[in-house]
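Novice: what would the 3D arrangement of this be:
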Amino acid sequence: MARILLKAPPFSFPVPSLLGCFGARICCQKRFSLTARFISTSTQDNLEGLVDPEDPFSVGASQFESVSEEFAFLRDSLLRSAADSEQKIEVGKSSNDAAIIANAILTNNDEFGDKTQKFLRQFREKMNGNLVAQVLNLIKRPELGVKFFLWVGRQIGYTHTLPVYYALLDLIECGNGDRIPEQFSREIRDDDKEVLGKLLSIWIQRCCHNGLWNVALEELGRLKDLGYRPSRRTYCALIQVFLRADRLDTAHLVHRELSYSGFRMDGYTIGCYTYSLCRAGQWREALQLIEREEVKPDTVLYTQMISGLCEASHFEEAMNILNIMRASSCIPNEVTFRILLCGCLRKKQLGRCKRILSMMITEGCYPSPRIFNSLVHAFCRSGDHAYAYKLLKKMAKCGCQPGYVVYNILIGGICGNEELPSSDVLELAEKAYGEMLDAGIVLNKINVSKLCTMSLCCWKI
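Specialist: From the prediction side, this is the model:
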């Protein structure tokens with residue numbers, strides 16, 4: 001019976017992050033996007049700690065070397081001798097040495113025997129992670145790729161790098177969620193037991209990164225059955241994938257096992273964990289977790305907790321965390337206030353929005369023009385047109401002059417209702433319209449018509 005691969009939903013922690021990839025083939029793998037859940041523009045805040053510094057998938061793809069003409073004659077002769085046209089290598093996509101090595105492995109017809117190994121000895125001093133990864137990407141036969149991987153691992157002065165492990169996993173077709181074939185596992189283990197342990201750990205991390213948490217769990221059991229001890233990075237990857245899948249109970253179990261193994265979570269994983277706990281309303285447990293992990297909380301960590309609480313509409317608790325943050329000598333930054341403000345705005349907590357906006361401006365942190373536009377629209381819909389007009393003045397104080405969009409939002413919000421506005425409210429619209437004209441901004445035709453109609457009706461009354 002075919003196994004169903006359960007994937008984590010496209011939920012991401014509210015941190016800006018951009019996840020990268022190793023090599024052209026890994027770029028095709030599914031990624032979790034890490035997009036911000038609040039409205040903001042670019043800021044000067046340093047967001048260190050929001051992206052996992054040890055995440056191998058966030059490293060950019062390496063650049064391959066250009067083709068040298070020095071070995072052109074040897075390359076041509078090797079290409080002409082290939083029996084199968086599908087095995088011929090297009091050299092322009094990789095380095096010249098990688099193409100020569102890959103062609104030799106594919107065309108010697110000795111299944112990586114003495115002839116091939118003798119030929120490859122001339123490249124031993126040139127072997128590095130970049131070159132080996134290129135060769136593995138060019139070889140289309142997994143059994144030959146594994147033999148080359150093992151051969152190069154025995155060379156003096158060479159050590160496998162992460163791109164090499166990823167290229168090998170791609171070659172043996174593990175990208176679709178299948179297990180590493182048993183024959184390859186056995187072959188690698190017989191040659192170097194430590195290498196197999198590292199390969200399985202990286203495979204588990206890769207499954208986690210792609211959201212295949214059930215496959216990752218199976219492979220974790222396999223790793224233990226073979227006598228290997230999971231690494232700290234493997235445990236952290238498992239915790240993260242369960243948090244993204246909203247499986248907080250399972251994340252607790254993995255964390256407990258991590259602690260029993262003598263490890264502690266890295267800073268990025270702690271941030272994800274506390275965010276998920278706060279999102280579930282367990283902000284006290286989040287503070288206890290920080291204490292147990294012996295981590296000194298900073299502005300970034302507190303901001304993630306506030307973000308989780310705001311997303312779950314626990315605004316009073318979010319304000320409590322803000323007070324705890326201040327008591328710990330951590331100063332809220334612009335991102336902190338924007339998360340609070342936008343969280344309250346999305347849930348129509350307009351009274352809290354006024355309070356947070358006042359605190360924000362007092363501490364020299366200013367909302368973006370887009371947030372001001374949203375605030376004006378929200379207060380107009382609630383009928384608080386006087387405060388909506390005050391927001392125009394606050395915009396100017398914050399260094400963003402009111403423009404076409406926000407003026408039309410205000411005037412349209414006043415004149416766009418079926419009921420006639422009061423004279424005081426209509427006066428606000430006319431006042432805003434005069435300020436528009438003074439600033440050289442034109443009101444759109446629909447709002448001009450509505451304003452004229454409302455003014456005429458009120459004049460007749």
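
Novice: tell me which residues in stretch 290-309 are buried?
Specialist: Neighbour counts over stretch 290-309 (16 or more other CB atoms under 10 Å) mark 290, 293, 295, 297, 299-309 as buried. All C-beta spots, glycine's among them, are computed from the backbone N, C-alpha and C.

Novice: same question for stretch 254-273.
Specialist: 254-255, 258, 263-273.

Novice: then stretch 383-391?
Specialist: 385, 387-389, 391.

Novice: roughly how far is it from the heart of the chain?
Specialist: Remark: stretch 383-391 is offset 37 Å from the chain centroid, using CA atoms, centre = their mean, to the nearest Å.

Novice: now stretch 222-231
Specialist: That offset, for stretch 222-231, works out to 28 Å (CA atoms, centre = their mean).

Novice: name the residues of that stretch that are buried.
Specialist: Neighbour counts over stretch 222-231 (16+ other CB under 10 Å) mark 222-223, 228, 230-231 as buried.

Novice: tell me the mean pLDDT for that stretch?
Specialist: For stretch 222-231, the mean per-residue pLDDT is 91.

Novice: what does stretch 297-309 give?
Specialist: For stretch 297-309, the per-residue pLDDT averages 95.

Novice: just for this protein, where's the confidence low?
Specialist: Scanning the chain for pLDDT under 70 picks out the ranges 1-94, 174-178, 418, 445-461.

Novice: what about the strands in it?
Specialist: Under the criterion DSSP state E, the chain contains no strands.

Novice: look up how far Ile105 lies from Gly157.
Specialist: Distance, Gly157 to Ile105, by CB to CB, to the nearest Å: 21 Å.

Novice: and if you look at Ile356?
Specialist: With distances taken as CB to CB, Ile356 is found 63 Å from Ile105.

Novice: can you check Arg346 too?
Specialist: 57 Å.

Novice: and the two? which has more neighbours close in?
Specialist: Ile105 (25 against 16; other CB atoms under 10 Å).

Novice: check contacts around that one.
Specialist: Shown in contact with Ile105 (CB atoms under 8 Å, 6 or more residues apart in numbering): 112, 116, 120, 135, 139, 144, 148.

Novice: residues near the first one, how many?
Specialist: By the criterion of other CB under 10 Å, Phe112 has 21 neighbours.

Novice: same thing with the last one?
Specialist: Per other CB under 10 Å, the neighbour tally for Phe148 reads 24.

Novice: spatially nearest residue to it (excluding sequence neighbours)?
Specialist: Closest residue to Phe148 apart from its sequence neighbours, by CB to CB, 6 or more residues apart in numbering: Ile105 at 6.0 Å.

Novice: now do the second one
Specialist: With CB to CB, 6+ apart as the measure, Asn108 is the residue that lies nearest to Thr116, at 4.6 Å, once sequence neighbours are left out.

Novice: distance check, that neighbour against Phe148.
Specialist: 12 Å.

Novice: and Arg292, by the same measure?
Specialist: Arg292 sits 46 Å away from Phe148, going by CB to CB.

Novice: dump the residue contacts of the closest residue to Tyr404 other than its chain neighbours.
Specialist: Distances taken as CB to CB, 6+ apart place Ile441 nearest to Tyr404, at 5.3 Å, with adjacent residues excluded. Neighbour list for Ile441: 403-404, 407 [criterion: CB under 8 Å, 6+ apart].
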